[in-house]
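# I would like the atomic coordinates for the input below:
(2 chains)
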Amino acid sequence: MSGFLVTILVLHIFGGLVGMIFLTSYMLSLLKEDADLKKLSRISFYALLAFLGSWILGGYYYLTYYGKAVKPIITKGDFVWVHKIVMETKEHVFLFLPFLALSVFLVTFLLPGIMSKDKNLKTSVAFLAFIAQSIALLVAVFGIIISGAVGK
Amino acid sequence: MFLMIDWGLLLRILHIVGTAIGVGAATMLEVFSIYFGRDGKVDLMEHEVLRICVTMLRIGLVILAFSGFGLLVMWRLRLLGPDTFFAPRFMAKITILLILLSVAMLVNFRLINFKLGSAISTTSWYAALILGMWRKMEASYFLIMFVYLVFIGIVYFSLEYIRKIVARRQ
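Here you go, the predicted model:
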């Protein structure tokens, strides 16, 4: 793997982790009584940027390297299911992430007045952030499993 | 100069630092919450001390996550494959970290009893430490997870016992 692709892979993982940290911070702060929605809209924007960056870099790695260099190794080994089930699920589920993060950001950015009064809306947005976080975590675990299937 | 850094060594050091901060903060959080909770109320100063412990716990977790994923990238580039990634010790460690994260969320949203969450969190930090250090462990995934569950029970009841003793001395 070239140095450029290693950098892409590292930044893809780094972006995903940073996105998860921002989303966690968002969730932990949102349900507080004195939640600062201006700050939260900034945090959700950073989460969106991180996921978007990770999304683009991961997509580039997948399209230019995975198919021709990694997939053949996995499908020739004992862990064919890792490509057929785990990677296939990962590449589809991961498409949702930036859109979920975008939804969280838009609601927080455009409706702070309503959100501060409507507890149900706040809970729903927290739940949406929780779903995005769970998907991000699942994608990370899938990434570990896929890396594990690539041996000498 | 940038490329001459021994990334493997740096990441291992960070991983140990993250674990040390996490285990230390989890222990101190447990000690302080028992000590401060003996009179049934937590004042402003005590609340601040607990908040610092929680912040340190989160910092430990973040360092652990970043350095852990860094080490995984190095394993992937060295093509260490299933022997390393699907080793029972490593799979158990990942499972325990996922449990730790889930429990932290559940406690925050008050979806789980605080005392149980606290026992799971403390046990998980120590389990991650032990699994990280005990490199020659040869146990199956299910045995490791079974022992982990048993220890959650032991830690929970031990902490309850200590809470009673401390409250009685008040």
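# could I get the full set of helices for chain A?
Here chain A has its helices, by DSSP state H, at A:3-30, A:37-61, A:71-76, A:80-81, A:88-93, A:97-110, A:112-117, A:119-148.
# reformat these as a markdown table; add mean neighbour count, distance to chain B and mean pLDDT.
For glycine as for every other residue, the C-beta is placed from the backbone atoms N, C-alpha and C. Formatted as a markdown table, these follow (neighbours: other Cβ atoms under 10 Å in any protein chain shown; distance: least, Cβ to the nearest Cβ, whole Å; pLDDT from 0 to 100):
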| stretch | mean neighbour count | distance to chain B | mean pLDDT |
| --- | --- | --- | --- |
| helix A:3-30 | 19 | 5 | 93 |
| helix A:37-61 | 20 | 12 | 95 |
| helix A:71-76 | 14 | 9 | 90 |
| helix A:80-81 | 12 | 12 | 92 |
| helix A:88-93 | 14 | 15 | 92 |
| helix A:97-110 | 20 | 16 | 95 |
| helix A:112-117 | 13 | 17 | 86 |
| helix A:119-148 | 18 | 3 | 92 |
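# including distance to residue B:59, could those go into CSV?
Output for the helices of chain A, formatted as CSV (distance: least, Cβ to Cβ, whole Å):
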stretch, distance to residue B:59
helix A:3-30, 11
helix A:37-61, 17
helix A:71-76, 36
helix A:80-81, 37
helix A:88-93, 29
helix A:97-110, 24
helix A:112-117, 29
helix A:119-148, 19
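# tell me the residue of chain A that sits nearest chain B?
Of all residues in chain A, residue A:151 sits closest to chain B, at 2.1 Å by Cβ to the nearest Cβ.
# how many other residues sit next to that residue?
18 (other Cβ atoms under 10 Å in any protein chain shown).
# who touches the closest residue to it other than its chain neighbours in this structure?
Take residue A:151 and drop its neighbours on the chain: the residue closest to it by Cβ to Cβ, 6 or more residues apart in numbering or on different chains is residue B:81, 2.1 Å away. Applying Cβ atoms under 8 Å, 6 or more residues apart in numbering or on different chains to residue B:81 gives the contacts A:148-152.
# quick check, pLDDT for residue 67.
In the absence of a named chain, chain A is used. Looking at residue A:67, its pLDDT reads 89.
# the intended chain is chain B.
94.
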